[in-house]
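Peer 1: My questions concern the predicted model and sequence given below.
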Amino acid sequence: MATATAWIEEPASEQPSPLALEQSLHTPAAPPLPEATLRRLYEYMLKCRTVEERIRTLFRQGRFAGNYFAAVGQEATAVGVTMDLLPEDAIAPSHRSFITHIMKGTPLNLLFAQLYGRRTSPDQGRSAPAHCGYAPLNIITPSSTIAAQLNIGTGIALAYKMRRQPNVVIALSGDGSTSLGFWHEAVNFAGVQKLPIVFVVINNLYAESVPLHLQTAVTDISLKAQGYGIPGVTVDGNDVVAVYRAAQQAIQRAREGHGATLLECKTYRWYGHSEIDPAKYRTPEEVKEWKERDPLTAMETRMEHLGLWTAAWKQELLDGFQKEIQEAIDFAESSPVAEGQEALDHVFSFSIRERALDQRTWSPSLNLVRR
Amino acid sequence: MATATAWIEEPASEQPSPLALEQSLHTPAAPPLPEATLRRLYEYMLKCRTVEERIRTLFRQGRFAGNYFAAVGQEATAVGVTMDLLPEDAIAPSHRSFITHIMKGTPLNLLFAQLYGRRTSPDQGRSAPAHCGYAPLNIITPSSTIAAQLNIGTGIALAYKMRRQPNVVIALSGDGSTSLGFWHEAVNFAGVQKLPIVFVVINNLYAESVPLHLQTAVTDISLKAQGYGIPGVTVDGNDVVAVYRAAQQAIQRAREGHGATLLECKTYRWYGHSEIDPAKYRTPEEVKEWKERDPLTAMETRMEHLGLWTAAWKQELLDGFQKEIQEAIDFAESSPVAEGQEALDHVFSFSIRERALDQRTWSPSLNLVRR
Amino acid sequence: MPVMTYIDAINTALREELARDENVYLIGEDVGKMGGVFKATRGLQEEFGVDRVIDSPLAEGVIVSSSIGAAMSGLRPVAEIQFADFITPAMDALTQQAARLRYRSAGTQTCPLTVRVCYGGGVGGGLYHSQTNTSWFIHTPGLVVVAPSSPSDAKGLLKSAIRDDNPVMFFEHKKLYRSLKEEVSSGDYTIPLLKADIKRSGTHITAVSYGYTLQLTLQAAERMKQEHGIDVEVIDLRTLAPWDKDTILNSVARTSRVVIVHEDNRTLGIGAEIAATIAEQAFDCLDAPIVRVTPPDIPAIPAAAPMEEFYMPNVDKIMAAMQRVIRY
Amino acid sequence: MPVMTYIDAINTALREELARDENVYLIGEDVGKMGGVFKATRGLQEEFGVDRVIDSPLAEGVIVSSSIGAAMSGLRPVAEIQFADFITPAMDALTQQAARLRYRSAGTQTCPLTVRVCYGGGVGGGLYHSQTNTSWFIHTPGLVVVAPSSPSDAKGLLKSAIRDDNPVMFFEHKKLYRSLKEEVSSGDYTIPLLKADIKRSGTHITAVSYGYTLQLTLQAAERMKQEHGIDVEVIDLRTLAPWDKDTILNSVARTSRVVIVHEDNRTLGIGAEIAATIAEQAFDCLDAPIVRVTPPDIPAIPAAAPMEEFYMPNVDKIMAAMQRVIRY
Ligand SMILES: Cc1ncc(C[n+]2csc(CCOP(=O)(O)OP(=O)(O)O)c2C)c(N)n1
Ligand SMILES: Cc1ncc(C[n+]2csc(CCOP(=O)(O)OP(=O)(O)O)c2C)c(N)n1
Ligand SMILES: [Mg+2]
Ligand SMILES: [Mg+2]
């Protein structure tokens, strides 16, 4: 029988080492991304930023109710892991993944209708703002239960596998989600079944007010992959090129049937957990430091050096985005709100209206012998 | 900012490496165990084996109802991790940990009364056979929910920590338990809180009929420790000395406030999952191979070489055990069974008998103006 | 028609559905190589392969939640929960995900999955192998909850459950698995969900039950006829949620006396909802108090036989209740 | 006496209990540094330190299950579930562990813990920040379930819960947190568990409710008096499990008419148990159908205002029910 020490070493040889995979992302061998790709990465980040800042303003103006969970500051991660997905690929979104709809192609009109809780929204006004799905593009309508979308995602991945479909599920969650049993059961199942799914852990160092060291005793969440026999990779979540490269590699693995990957993206949310959170639990210095590492400006500098960016081009893009956003806002604000009784719809495949509104009373039928 | 690669390496330096810890168990430096300790390890293994084989016979004879989950073949693990615990230390047992009661000192009379479901049992006939706790020695009365005892165990460990008590919780579970979210939440919490608890994963390669590779994509469960920032150790669970040494080291760490350890013991159950499981899902060859690695005979050979074992001594021990067991059986079989209505007791700190048996009916009180 | 046990009827229904629709697959603990701890899936992995009969990791949560995703994708998962006592890890998947996916997506995303749950006491299973916890799910709109009381119902209802477009929880009583045989049509028949079944008609008392206690209720009804000349109408709920109000209230309008029997805890067992509905919508029909025959409110069924007997409904307890509403 | 909101009363009770008993500690998501998402634990970590006010990982399961172990060891944990909607990960800990530890150990091991749960709708929280799921726990013998309807009740009942030797679930309605102020005695007083409270006495109708809807019921009662001269007796359950049968049945014996109001789903909400108990044990007392005012059976409360209004009980709906039982 092997010695205990030997046992410990075994797996490394059995499974792709996170390190190996990670380093390969930084080997000079890796060809530079096409200019068109760089441009699109930037355009999308700028669009996401523009859309969310506008959403935040609308919320502060009280033009829609509920709440919003902005990913401002995290665009490099959201964009890098979801660009170039196929329509048949699925996204399992978290509460902070609203902008991934923009990546997948959900019409902006519908997204704003969702924020406004209008009947024209994909959920007809049921879900809270930002908790949005879109069936035609395989974006799961999320609950609010943290990590639950990952587990549903494994089932979609299982269906791809059973049908030998070369598609992938991008499952998004945060550092806090990794403490939940649901997260563990999902990743373990994906490991055992070699499912085509990429678990993107967006490590923004906080779960609401709770800092990472109270969430887990490790500082690199990618280490957790070791326990599931899948590769774990950590990338700078504010470097959209690094994120995109890592994601593409993981997506490739998945499509080719080599199974799941855990991709940790280290980033930071600029604002509170939600629009009603002043985020007093973070120091101004920390926030400032991270804002200086703005993924957008970083990309601008990089592209400017390559002669791919000008202020004029940016303005042009912004003008286009603002126009599109304004149309979406108009659509949402002119959309009807569902009527009260519509709350009774879509409970089952059959209608429950009659049952729910049943006012009948029964009285004795006397045409019977009674004792 | 550090490179991704650097991040991956960080934690190793931060936390005791599983390898380091493991190797230290095999360094020639480690002093040989005192003869008395070797003797006690053997005596306990022999006693556990003898008790369980007798229990299995009693079950087959239909002398007690329900079922039983024998750890025969796994004694080196059960004994090695629980010997020399203090009365204030706690055990969080699984369904296959009945024999750890013998280690902790629960009177054999009570244990057999528990199997027989008699009123004299610690649970007065409530729990299924083998699901036994004992308050005076801090053994948690287990549920059947796999892994749930680990989570309760973390709370006991938290209490030790809060009270600066140098005690430890030995939390026992199997390979199958590691797939449950409960397992993950317990180990993660222990890692964050640096709790005095040792998670002993008894890896006997099967969860009922399900083999390890369908449970997890790793072959060494100790690897999972990496994701929680605690040391993970794998030992030969059939080598009682190796198990005892590893356990003592983990227990030491816990008592000194350095936190939790994940100790994987690789072993094998000789019989079915329970007494009603023919275990057709395993090959006779596999079973044979493992029976040849019987922890008891291995220890006998080892001790014989050291001049510490004779067949006569063994017989002497066996005679003593059989006598003690017979007394316990007599006690159990002569103990009363609870009456039906006792099912109403111990629901709350107050009695519910009156409420549950309430036959009263109310009629209108006419001394009131009625509309 | 072949004579079958309840477990054989379930095994047959699963085999026929696996053969009929390639989108159907089974997943659960020990359902594959071992064929299930109660042998409900016996022989199915050999016949349909490891991709369609999956031995899952020990994790009820992902057994159900992965099935939700697969169902969203057009598959027809049939998940097994080995014992109702261990369904808690799947509580979020069932109540927050499966029950609400259609609702929160306004009908654009659905999960036609079936979750088979082995439940019930009376077999000496003790605190953690005897539970009946249908109430948690009856109380969760969005879930269809079914519980057959006989082999032929088991086959026909399970087929309907698998073909239904809603998440269906299918509760199988472990004591019925082998204690009861009857003729089961070998054909491909289904029994409609959402409809109760009048298993015995009568004019003096309406007795409502489901699962194992339905059989006890039928025995009590027979003895009431033999020994007291009382005609008891026995209604099998079959579907516990949404339950068939009309069939029951129509019966009460004829009999004016009601006895409800179930094995779930008394407080907020389904009997409470049925009684409350009658007391609100059929108040005029009542000539006597509505009597529930249930276990007492204790955490679980103890292992020792006398305590289990004390807990379980039985024919005598049911007859005593019937006497009470008649004598009133 | 100081005038306090419900949230201040809870904060005060927690502070006083932390100061009174060194075995009391708090644990939950964001309860420490942030003082809770609703500020129920505001200032307590500063005052009592990180060992006694613990920011837990995002895992309701271990928040509750670790509290069980700590309680077994003699501590008095007060765990917080941030939203009732997210209690499912703790379902095993609550129903299979906390509720049964005393029972399965025949009283030799117990867990005196308190689990504070923020529940309820009417604040636009949408599908996953509005739930009322008390029924799951009322249906679980071994748990004491408490739900205060006012600031002074909140303080007195929370102190009793923390000092009680049973696992107590303490449901706090988020809409009550700041919508209501009243005088709250500054002393160290407790209010007994297991007893209902007659918040308004009357002779014509017995109206039963708890939590937020209790306040609506009081408003409806007042208007029934003003507008129709009807005297409604309003009973606040306070403890939902085990509920106070005697107080309610004694009242029904006097009034002979019953209206039950709650925010939980209609099917198997606590109203079902109360109505069923009355229909069995106080049948003679009834002069009218027992009417329940509840939301419809839909999976959860939609975000859009009109649908939430349609869902929630309100004063008009309650008055209509009261008219119905009077006119009958
Ligand atoms: C099971 C569950 N518990 C608690 C909550 C409340 N909650 C919503 S978001 C959140 C923090 C999530 O943190 P993280 O996973 O890091 O994602 P982030 O918000 O940082 O993007 C919490 C505790 C929830 N939605 N679900
Ligand atoms: C949550 C839960 N699911 C299922 C079961 C049924 N069950 C009892 S033991 C067991 C297998 C446990 O395997 P393992 O953890 O390896 O322990 P072992 O039996 O090998 O000692 C299962 C599935 C259970 N008790 N709890
Ligand atoms: Mg985060
Ligand atoms: Mg095992």
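Peer 2: Received the coordinates, thanks. Numbering: from 1, shown residues only, chains lettered A, B, ... in the order given. Ligands and ions are numbered 1, 2, ... in the order given.

Peer 1: So what touches stretch C:179-190?
Peer 2: With contact meaning C-beta atoms under 8 Å, 6 or more residues apart in numbering or on different chains, stretch C:179-190 is reached by C:1-6, C:8-9, C:12, C:16, C:20, C:150-152, C:155-157, C:159-160, C:163, C:215. The way it works is simple: take the backbone N, C-alpha and C, and place the C-beta from them, glycine included.

Peer 1: With adjacent residues omitted, what lies nearest to the residue in chain A positioned nearest to chain B?
Peer 2: Using C-beta to the nearest C-beta, the closest approach of chain A to chain B is made by A:Gly181 at 1.7 Å. Spatially, and ignoring its direct neighbours in sequence, A:Gly181 is nearest to B:Gly181 (1.7 Å; C-beta to C-beta, 6 or more residues apart in numbering or on different chains).

Peer 1: Off-centre distance for the helix or strand harbouring A:Ala186?
Peer 2: Assigned by DSSP states H and E, A:Ala186 belongs to helix A:181-193. Its chain's average C-alpha position is 18 Å from that of helix A:181-193, according to C-alpha atoms, centre = their mean, to the nearest Å.

Peer 1: mind listing which of the contacts of stretch C:179-190 are in strands?
Peer 2: Among the contacts of stretch C:179-190, DSSP state E puts C:3-5 in strands.

Peer 1: Provide a ChimeraX selection command restricted to the buried entries of these.
Peer 2: To isolate the buried members of those in ChimeraX, using 16 or more other C-beta atoms under 10 Å in any protein chain shown:
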select /C:4,5
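
Peer 1: which one of the ones in strands among the contacts of stretch C:179-190 is nearest A:Val201?
Peer 2: The closest of the ones in strands among the contacts of stretch C:179-190 to A:Val201 turns out to be C:Thr5 (C-beta to C-beta; 48.6 Å).

Peer 1: Name the residues linked to the closest one by a beta bridge.
Peer 2: Per DSSP bridges, the residues bridged to C:Thr5 are C:Lys181.

Peer 1: OK, contacts around the residue in the stretch 151-300 of chain C that ligand 2 sits nearest to?
Peer 2: Distances between the stretch 151-300 of chain C and ligand 2 by C-beta to the nearest ligand atom are smallest at C:Lys174, namely 13.3 Å. For C:Lys174, the contact set (C-beta under 8 Å, 6+ apart) comprises C:38, C:118-120, C:123, C:125.

Peer 1: tell me the contacts of the nearest residue to A:Gln165 once chain neighbours are set aside?
Peer 2: Spatial nearest neighbour of A:Gln165, chain neighbours left out: A:Glu88 (7.0 Å); criterion: C-beta to C-beta, 6+ apart. Residues in contact with A:Glu88 (C-beta under 8 Å, 6+ apart) are A:138, A:165, A:167.

Peer 1: go on, A:Gln215?
Peer 2: Going by C-beta under 8 Å, 6+ apart, A:Gln215 touches A:175-176, A:178-179, A:207, B:192, D:57-58.

Peer 1: from those residues, which are also near ligand 1?
Peer 2: The residues of the contacts of A:Gln215 that also fall near ligand 1, by C-beta under 6 Å from any ligand atom, are A:175-176, A:207, D:58.

Peer 1: Now these in CSV, please, with extra columns for neighbour count.
Peer 2: CSV is the format used below for the ones next to ligand 1 among the contacts of A:Gln215 (neighbours: other C-beta atoms under 10 Å in any protein chain shown):
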residue, neighbour count
A:Asp175, 22
A:Gly176, 27
A:Ala207, 23
D:Leu58, 29
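
Peer 1: and stretch C:92-107, average pLDDT?
Peer 2: Averaged across stretch C:92-107, pLDDT comes to 98.

Peer 1: got the end-to-end distance for that stretch?
Peer 2: End-to-end span of stretch C:92-107 (C-alpha to C-alpha, to the nearest Å): 20 Å.

Peer 1: swap in stretch A:57-64?
Peer 2: With C-alpha to C-alpha as the measure, the first residue of stretch A:57-64 is 10 Å from its last.

Peer 1: pLDDT (mean, whole number) over it?
Peer 2: Rounded mean pLDDT across stretch A:57-64 is 98.

Peer 1: if you look at stretch A:222-233, does any of it touch ligand 1?
Peer 2: No - using C-beta under 6 Å from any ligand atom, stretch A:222-233 stays clear of ligand 1, with a minimum separation of 13.7 Å.

Peer 1: Tell me where chain A has helices.
Peer 2: For chain A, the helices defined by DSSP state H cover A:4-14, A:18-26, A:35-60, A:75-82, A:100-104, A:108-115, A:148-162, A:181-193, A:240-255, A:284-291, A:295-305, A:311-333, A:353-356.

Peer 1: Close to ligand 3: what parts of chain A are there?
Peer 2: Taking C-beta under 5 Å from the ion as the criterion, chain A approaches ligand 3 at residues A:174-175, A:204, A:207.

Peer 1: can you pull the contacts of the residue in the stretch 201-350 of chain A that ligand 3 sits nearest to?
Peer 2: Taking C-beta to the ion, ligand 3 has its nearest neighbour within the stretch 201-350 of chain A at A:Asn204, 4.3 Å off. Residues in contact with A:Asn204 (C-beta under 8 Å, 6+ apart) are A:73-74, A:174-175, A:237, A:267-269.

Peer 1: Below-threshold pLDDT in chain C: ranges please.
Peer 2: Applying pLDDT under 70 to chain C picks out no residues at all.

Peer 1: As a check, name the ranges of all strands in chain C.
Peer 2: Using DSSP E, the strands assigned to chain C run over residues C:3-5, C:24-28, C:53-55, C:76-81, C:114-119, C:144-146, C:168-173, C:181-183, C:197-200, C:205-209, C:232-236, C:239-241, C:258-261, C:291-293.

Peer 1: could you dump the ones you listed to CSV with distance to A:Glu286?
Peer 2: As requested, the strands of chain C are arranged in CSV below (distance: least, C-beta to C-beta, whole Å):
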stretch, distance to A:Glu286
strand C:3-5, 66
strand C:24-28, 45
strand C:53-55, 46
strand C:76-81, 45
strand C:114-119, 46
strand C:144-146, 50
strand C:168-173, 48
strand C:181-183, 71
strand C:197-200, 65
strand C:205-209, 63
strand C:232-236, 64
strand C:239-241, 50
strand C:258-261, 61
strand C:291-293, 60
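
Peer 1: Which among these is found nearest to B:Leu158?
Peer 2: strand C:76-81 (31.1 Å).

Peer 1: Show me what from chain C comes close to chain B.
Peer 2: C:29-30, C:32-34, C:37, C:55-59, C:61, C:85-86, C:88-89, C:124-129, C:289, C:296-299, C:302-311 (C-beta under 8 Å from any C-beta of the partner chain).

Peer 1: Cool, thanks, signing off.
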